[in-house]
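**Q** Next comes the sequence, and after it the predicted model I'd like to discuss.
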Amino acid sequence: MQAATLLRDIFGFDGFRPGQEEIVDAVVAGRNTLAIMPTGGGKSLCFQLPALVRPGVTVVISPLIALMRDQVRGLQAAGVAAGALTSGNTEEETEAVWAQLAAGTLKLLYMAPERLASFGTQRMLREANVTLIAVDEAHCVSQWGHDFRPDYLRIGELRGMLDVPLAAFTATADAETQVEIVEKLFGGVSPATFLRGFDRPNIHLAFAVKDNPRTQILGFAAARKGQSGIVYCGTRAKTETLSAALGQAGHSACHYHGGMDAQARRDVERRFQQEDGLIVTATVAFGMGIDKPDIRWVAHADLPKSIEGYYQEIGRAGRDGEPAETMTLYGPDDIRYRRTQIDEGLAPPERRDADHGRLNALLGLAEALTCRRVNLLRYFGEDPQPCGNCDLCDTPAETFDATQAVRMALSAALRTDEWFGAGHLIDIVMGADTPKIRERGHDALPTYGVGREWNKRQWQAIFRQMMGRDLFRPDPERHGALRMTEAARPILRGEAVVILRRDTVTNAKFSPAVRAMVSEEDAPLLSALKAKRRALAEAAGGPAYIIFNDKTLIEMAEAKPATLDQMARIGGVGAKKLESYGRAFLEVIAGAVDQVHPARMKLAGRTEGAVYDRLLAAQADLARGPDGHDKPMSCSAAQLAKVAQLRQADADAVARVIGERHAERFGDAFLAVLTDG
Ligand code: ADP
Ligand code: ZN
């Protein structure tokens, strides 16, 4: 069958995501393929779909059992013959896989790389009609990477033995890793390579300076109540206290860290996958095994380790392509902590320099003056335009020429032989009268009191930004005393200008306003649909989104399909899912639609009541636009009632009631109803 047909019928998608189609074409054509796509870009489809188009079975090598099981479950729910051979299998599961292999009906066989070591597996694969090898997380073959899996090196042998095309997928783009993948997986012969950009435009980026961080996190979560989110914390203890605080604030929350036993961690992972709106406070250990597409937000209670870590962690949000939000908190203590961690680590010196560099990149992002996304993507080698979806695009930074202040700070440090931290240096430039100043005679320094035009908070912001730009670095051998770096020299010599943000603390009021997922009118129906989904998921013992994802439910709540045919046109409803769940969800919708809205009840027995019903019918005809291809849209019952009661029926009056955007779609039709009598 055609890829495009399968895309709709099996996966229920209207079209390809950017980049997917070329990759699918190459893999279907049997070319060796390397696809580099950001997390959430939709890599799995790029081998799942070709596996269905091609004859025989596709072997999928994947490093994580949890992910494999999830994908297999998702495929089976869509009616695809898929199975996995993992250590977590029950006997029946394994037998079913062997039986399908023997019958030649299996289309996708997932397995962990460790399996490849066994002769039994090799013989089985030789005898099965394998026509394609797909390798997920292909960077695990790189010996220099963090995720190295020695058994990935066996994949090259397997390709040689079976002599079939191989498709490798990864989100890691650096050149060294690519070279290693080509060498180890493709025997040094370059495959067709696809590099899809690193932008995740649906993720809103924001940073905020710590200022009572617990309140900041609670505020952020409160504005997103009922949505699934992750709060990354720097320490295990913090995951526990924060999840308790979130629980007290009425959220459903739990914590996760490497110190918990394996069973407890698995429980959290399973709850997170299955439940709607759970918040997990976690150390970085959480996430590798998480493949939840509808995580709506990610917050960092502490600064991540590096820009790569940041990108990976925020990238767990919004894999379904729907809007998702992030907020990263940071402060001078984070900068000191991360620097010390690098300096006191065991890495060789070149590696330490590189780590400082990666931290600098992240701090540069935190202290950015212009579009965060431009700064982030530049680091990954792209050259984008300002995004319109970050805090700095929302509210441009207020900046000032800080050259003079920076020179004062540097000079205070140099004149005290770089033996002091920010607190004391600020006391010097502000001319404070403290015992430490008097004892050391620092009130006699020429820099003493030269910076009185800025207050303490402003000076703290200046020092923080100087550390963020790596002009000052804390020296662990001097108990964190600030030392000037080479980068600061041109400023001291008067050869460079420094522009800094005017305080980021006083301006750090991030808006709690969150886009509602549906109109107030449709919200009860959406909750009813979610409840139905939860019940079905619980009955099946799987995660909720495998049934339908949020986007699909939202579309249902808005378009309110009344028949199976209309239901089939909703994005995400493939043939198999229509068959399995269509009726159940139609019943929920019918139940909600049948209830007469109170706004309509009030008009009962009056002519306006009949007008209301005709307006409703006119609206239903246009719910997806005149051609039926547009985004679903509807007016609230209260608005319809108001329109029905309009005394003066003209376009302006209608638009005033239902708003310009709705008037564009419904205005003419409503006027026709009104003037008809
Ligand atoms: P990756 O492995 O690249 O991180 P996934 O393969 O898990 O990403 O896909 C991320 C999400 O995007 C999944 O929920 C998937 O169902 C969805 N998705 C993939 N392709 C499409 C598409 N063409 N249209 C709509 N949704 C898609
Ligand atoms: Zn931006």
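**A** Yes, it's here. Ligands and ions are numbered 1, 2, ... in the order given.

**Q** now Asp417: how far from Glu322?
**A** As for Asp417, its distance to Glu322 is 55 Å (criterion: CB to CB, to the nearest Å). All C-beta atoms are positioned from the backbone trio N, CA, C, and that covers glycine.

**Q** When those two are compared, which one has more neighbours?
**A** Glu322 (17 against 10; other CB atoms under 10 Å).

**Q** Name the SS class of Ile230, please.
**A** strand (DSSP: H, G, I helix; E, B strand; the rest coil).

**Q** Give me the contact list for stretch 148-156.
**A** For stretch 148-156, contacts defined as CB atoms under 8 Å, 6 or more residues apart in numbering pick out 61, 63, 112-114, 116-117, 133, 135, 138, 140-142, 166, 184-187.

**Q** so what's the one residue in the stretch 151-300 of the chain that gets nearest to ligand 2 bridging to?
**A** The stretch 151-300 of the chain approaches ligand 2 most closely through Leu205 (6.9 Å), counting by CB to the ion. With DSSP bridges as the criterion, Leu205 is bridged to Cys390.

**Q** where do the helices sit along the stretch 151-300 of the chain?
**A** Counting by DSSP state H, counting those that start in this stretch, one finds helices in the stretch 151-300 of the chain at the ranges 154-162, 175-186, 213-222, 236-248, 262-274.

**Q** Next, the buried residues of the last one.
**A** By that I understand helix 262-274. Buried residues in helix 262-274, defined by neighbour count with 16 or more other CB atoms under 10 Å: 265, 268-269, 272-274.

**Q** So which residues of the stretch 501-650 of the chain form strands?
**A** Taking DSSP state E, counting those that start in this stretch as the criterion, the stretch 501-650 of the chain contains no strands.

**Q** pLDDT below threshold where in it?
**A** Across the stretch 501-650 of the chain, the ranges flagged by pLDDT under 70 are 503-516.

**Q** Extract the C-alpha trace of stretch 393-410 and format it as CSV.
**A** Extracted C-alpha coordinates of stretch 393-410, given in CSV (Å, rounded to 0.1, in the frame of the first residue of the first chain):
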residue,chain,number,x,y,z
CYS,A,393,10.5,38.0,22.0
ASP,A,394,7.4,38.5,24.1
THR,A,395,9.0,41.3,26.1
PRO,A,396,12.3,42.7,24.8
ALA,A,397,15.1,43.1,27.4
GLU,A,398,15.8,46.5,28.8
THR,A,399,19.6,47.0,28.4
PHE,A,400,22.2,49.5,29.4
ASP,A,401,25.8,50.2,28.7
ALA,A,402,27.5,48.6,31.7
THR,A,403,31.1,49.0,30.6
GLN,A,404,31.9,51.4,33.4
ALA,A,405,30.3,49.3,36.1
VAL,A,406,32.0,46.2,34.8
ARG,A,407,35.4,47.9,34.9
MET,A,408,34.7,49.0,38.5
ALA,A,409,34.0,45.4,39.5
LEU,A,410,37.1,44.1,37.7
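
**Q** Can you give the distance from it to the centre of its chain?
**A** The chain centroid and the centroid of stretch 393-410 are separated by 31 Å under CA atoms, centre = their mean, to the nearest Å.

**Q** With stretch 228-236 instead?
**A** On CA atoms, centre = their mean, the centre of stretch 228-236 falls 14 Å from the chain's centre.

**Q** Tell me which other helices or strands the helix or strand containing Leu132 touches.
**A** Applying DSSP states H and E as the criterion places Leu132 in strand 130-135. With contacts taken as 3 or more CB pairs under 8 Å, 6 or more residues apart in numbering; DSSP states H and E, strand 130-135 sits against helix 43-53, strand 57-61, helix 154-162, strand 166-170.

**Q** Just the angle for the last one relative to helix 175-186, thanks.
**A** Read it as strand 166-170. 150 degrees (axes from the mean of the first three to the mean of the last three CA atoms, to 10 degrees).

**Q** Likewise for the third one?
**A** In terms of direction (the same axes, to 10 degrees), helix 154-162 departs from helix 175-186 by 30 degrees.

**Q** Give me the mean pLDDT for helix 154-162.
**A** For helix 154-162, the mean pLDDT works out to 93.

**Q** buried set for that helix?
**A** 154-156, 158-159, 162.

**Q** What's the separation between the residue nearest to Lys238 when sequence neighbours are not counted and Thr239?
**A** The spatial neighbour of Lys238 that comes closest, neighbours along the chain excluded (CB to CB, 6 or more residues apart in numbering), is Ala301 at 6.3 Å. Ala301 sits 9 Å away from Thr239, going by CB to CB.

**Q** Just send the helices of the stretch 151-300 of the chain back as JSON lines, with distance to Gln460 too.
**A** Formatted as JSON lines, those follow (distance: least, CB to CB, whole Å):
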{"stretch": "helix 154-162", "distance to Gln460": "52"}
{"stretch": "helix 175-186", "distance to Gln460": "40"}
{"stretch": "helix 213-222", "distance to Gln460": "15"}
{"stretch": "helix 236-248", "distance to Gln460": "22"}
{"stretch": "helix 262-274", "distance to Gln460": "37"}
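
**Q** would you turn the ones you listed into JSON lines with distance to ligand 2?
**A** Shown next, in JSON lines, are those (distance: least, CB to the ion, whole Å):
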{"stretch": "helix 154-162", "distance to ligand 2": "39"}
{"stretch": "helix 175-186", "distance to ligand 2": "27"}
{"stretch": "helix 213-222", "distance to ligand 2": "19"}
{"stretch": "helix 236-248", "distance to ligand 2": "28"}
{"stretch": "helix 262-274", "distance to ligand 2": "29"}
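
**Q** Which residue, other than its chain neighbours, is closest to the residue nearest the centre of the chain?
**A** Centroid-nearest residue in the chain: Ala317, 2.1 Å away (criterion: CA atoms, centre = their mean). Once flanking residues are discounted, Ala317 sits nearest to Ala324: 3.8 Å by CB to CB, 6+ apart.

**Q** ditto for Gly79
**A** Spatially, and ignoring its direct neighbours in sequence, Gly79 is nearest to Lys576 (3.4 Å; CB to CB, 6+ apart).

**Q** Could you count how many residues lie near the one you found?
**A** 17.

**Q** Also the one 3 residues further on?
**A** When neighbours are counted by other CB under 10 Å, Glu579 registers 11.

**Q** How about residues contacting stretch 75-89?
**A** Contacts for stretch 75-89 (CB under 8 Å, 6+ apart): 10-12, 48, 52, 65, 68-69, 71-72, 93-94, 96-97, 100, 105-112, 115, 121, 542, 546-547, 574-577, 580.
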